[in-house]
Every structure is written in structure tokens, then in C-alpha cells.
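[1] Next come a sequence and a model predicted from it.
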Amino acid sequence: MDIAFSPEEQHFRAECRDWLHVNVPSEPRPLHAADAIDFDKAWQRRLFDAGWAGINWPREYGGRGLSIVQQVIWLEEYARARAPWIGANFVGINHGGPTLILNGSEAQKALHLPRILSGEAIWCQGFSEPGAGSDLAGIRTRARIEGDELVVNGTKIWTSFAHVADWQELVVRTEEGSHRHAGLSWVICDMHTPGAEVRPIRKMSGQIEFAQVFYDDVRIPLENVVGGLGQGWKVAMSTLSFERGTGFIADQVKQAQELEDLLARARQTGAIKDDRIAGDLAQMRAEVAALRAMTYRNISEVVRTGQPGPEASVIRLFTAELGQRLERMALLLAGEGILDFRYGEDSLVAEYLRGFAATIAGGSSQIQRDIIGERLLGLPKSR
């Protein structure tokens, strides 16, 4: 493993930092997804026009064709500049697009990748179902083949940005009588297709970013299948590997910034004199450093193999649980003043409430521990 940066990479880091310093929007991102969609698209377009979208995506599809290390550098500097969350572009940029790069046909790449990068097309993820959330192999949404089409019936839930999305990465069961990992297919679904109904879900933080999607004879061209019929489990695992790997680098930088802010607040208020608080902050500081080292190790493995592996689950789990402890500490240090908070996207309470989803979305903590135990430690399956 080599975690040193070359002179070329250091120069690239300076370029990133300089551009972000001048271009990061001064206005905050709106709170709700429906209100934020124009902001998200405009910011993504600005990144694209300036050449900062898709750092390691192929040039022929609108990216820059640079290394994954340079992509990591960009994500680190993006977070340090406190640039806005990419919001509704998250699914397309962080795992829909990379999944197509790895598994898609040339026609699928040519159609979708430039539109994802430019912010023209918003994607959502159709994986979780009622009764089959983190257990992707338990999905029941089915698609029968009629001529050159798939006809989909069923439902998906906790679908981020479904109510503003143009396209969906959808996993369905395409083989009658199949069970668990077999018989699944990963398909590209046009969210404007007749028969697709989206019902938004309001989170306890007050935001509307999730939805339940119902499919009633939704027709999808067979040419929209990615990786081949029956190969959905393999393709979906690559999707989740991207989500669980490099997709959390910006979160880690944000956590490091937040920790330093908490330390400063504890010193200012005198709370640092409390041995328990001081000990917890010191522990989290060590964990932030350990998490960065693990991430660099994982990136080195991606450079070697070309694809994230199950090690990404360690980073996914660690990042989520550390983030929740940081948010709890922030509330503790705020003291009685937290009762007078003004709700907003960046409020302590909003961050705390959002944190509950961190150990559920993309595979719960229990699922991550199963993956770590079975695929990394060689332990027997838990069920």
C-alpha cells in the first residue's frame, strides 16, 4: 500500500482547492428535495462545465479520465471547502454511473453517463422493499418477459429522490420460481413510464427525500437490462460496493472537521475538563485517523483490482457509527441551548435525526457485519 501523493497529485489538489475557493455557492442548499432540485442541477452543471464532474470517469462519456486517487483528492478537497451536498445527484454520480461504467453496454453508457454527469438526469435506487430492506436477496418485485419487454409488478420503498427522478436503477426478479440471489436482474427504469406511481415519505427530520414506488404492469425494454438477465445480484453488489467505498470519503472529511469544531467548543465552554467528555473526544479523534487510514488502504486495493471489494463494508459501518456518536456529542455540548434551535438543513438537531438513517441505508449495520464476517473473516453464514 502506498498512501503518499506524487507531485502531480499534489498539484492537482491545489487546483481543486483553488477552484472550490472561488466557486462554492454562498447560499445554503434548500431543505427539501423538491425545493432543492433546481439548486442541485445547477451546481452539478457548474461542476460539469468547469471539468470537475466525473474526475475518474471515461473521457468519452464526459469525465476527465483521471485516476481514482485524483478522485479521492477531489472528494477530500470538496468536503474541506464545505461545498454543498450533491443531493438529488447522489445516486447517479456515486453508484448508478459507476455501475454502468463497469457493467453497462456501450449504448447504455453513451445515453446515460453524460446526462448523469451534467445534472440533466436524476436517478434513484429501487432496491429495498417492504419486508426486504437490507436483505436484497429477499426481494419480491417481479418482471415477466413479453416479447422485447419486461413487465414489472411490485413495490419498492425508501427510494431516495424518487419523486424528482428521471431514471431508476431497479432490481427485479425475472426468473419464475427463483429464490434468494438467483434470478435477479438489474434494469434501468424510466420513472415516467405509465404504471409507475411514486408516493413521497416524510422523514422524522421533516424532510421529504424518500418515497415508495408502486409498479403496475410497468413496461421496460429488454435493452435496459444491465449485465444480462439473471445477473442482477452480481451487478447490484458492484453498485453497493461503490456506495460503501469511495462514496463516504466526503463524509469522513466532514467528520474530521466536525470533531475539531467539537473540540474547540468543549475547550471554549470548559466541558473539556470533564474526564468522560475529554476521553470520548480523544477516542473519536483516534477513530477519525484510523478511518482515514482504512479508506486509503481500500483505495489502494481498488487501484490494484479495479473494483471495490467487501472491505468497503468495514468503512461503511465505521463511518456510519462514528457519525452517530459525533452527532450525539454535538447535542451534549450544546447543552440547554439546543431547546431553542432554529430548524434548518445544517442544524444540530437535523444532523442528529438524519444520523439514524446512516446505519440503515445501503445495508444496515447488521448486514455490514454479516458481510465482514462471511467475506473477510471466513466465518459461517449467520442464517
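    Nice, I can see it.
[2] Check what pLDDT Glu76 gets.
    For Glu76, the pLDDT comes out at 86.
[3] again, but for Trp186
    Value listed for Trp186 in the pLDDT field: 94.
[4] neighbours of it, just the number please.
    29 (other C-beta atoms under 10 Å). Every residue, glycine included, has its C-beta placed from N, CA and C.
[5] Return the distance of it relative to Phe161.
    18 Å (C-beta to C-beta, to the nearest Å).
[6] which stretches of the stretch 251-383 of the chain form strands?
    Secondary structure of the stretch 251-383 of the chain (DSSP state E, counting those that start in this stretch): no strands present.
[7] Flag the shaky bits of it, pLDDT-wise.
    Within the stretch 251-383 of the chain, the segments meeting pLDDT under 70 span 301-310, 336-347, 350, 355, 357-363, 382-383.
[8] hmm, try it at 90
    Low-confidence segments of the stretch 251-383 of the chain (pLDDT under 90): 251-261, 264-265, 268-269, 287-328, 330-383.
[9] Can I get stretch 138-147 in CSV, CA atoms only?
    C-alpha atoms of stretch 138-147 as CSV (Å, rounded to 0.1, in the frame of the first residue of the first chain):
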residue,chain,number,x,y,z
GLY,A,138,-35.4,-11.4,-0.5
ILE,A,139,-37.0,-9.0,-3.0
ARG,A,140,-40.4,-10.0,-4.5
THR,A,141,-40.9,-7.4,-7.2
ARG,A,142,-41.2,-9.4,-10.4
ALA,A,143,-40.8,-8.9,-14.1
ARG,A,144,-42.1,-11.2,-16.7
ILE,A,145,-40.8,-11.2,-20.3
GLU,A,146,-43.2,-10.3,-23.0
GLY,A,147,-41.5,-10.0,-26.4
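[10] mind listing what's buried in it?
    Buried residues in stretch 138-147, defined by neighbour count with 16 or more other C-beta atoms under 10 Å: Ile139, Thr141, Arg142, Ala143.
[11] Check the gap between the residue with the largest distance to the centre of the chain and Arg267 for me.
    Largest separation from the mean C-alpha position in the chain: Lys273, at 37.5 Å (C-alpha atoms, centre = their mean). Using C-beta to C-beta, Lys273 is found at 9 Å from Arg267.
[12] repeat for Trp167
    Relative to Arg267, and taking C-beta to C-beta, Trp167 is found at 48 Å.
[13] cool, Arg82 as well?
    Arg82 is 22 Å from Arg267, by C-beta to C-beta.
[14] do Gln257 as well
    Counting by C-beta to C-beta, the gap from Gln257 to Arg267 is 16 Å.
[15] Could you do Ala81 as well?
    25 Å.
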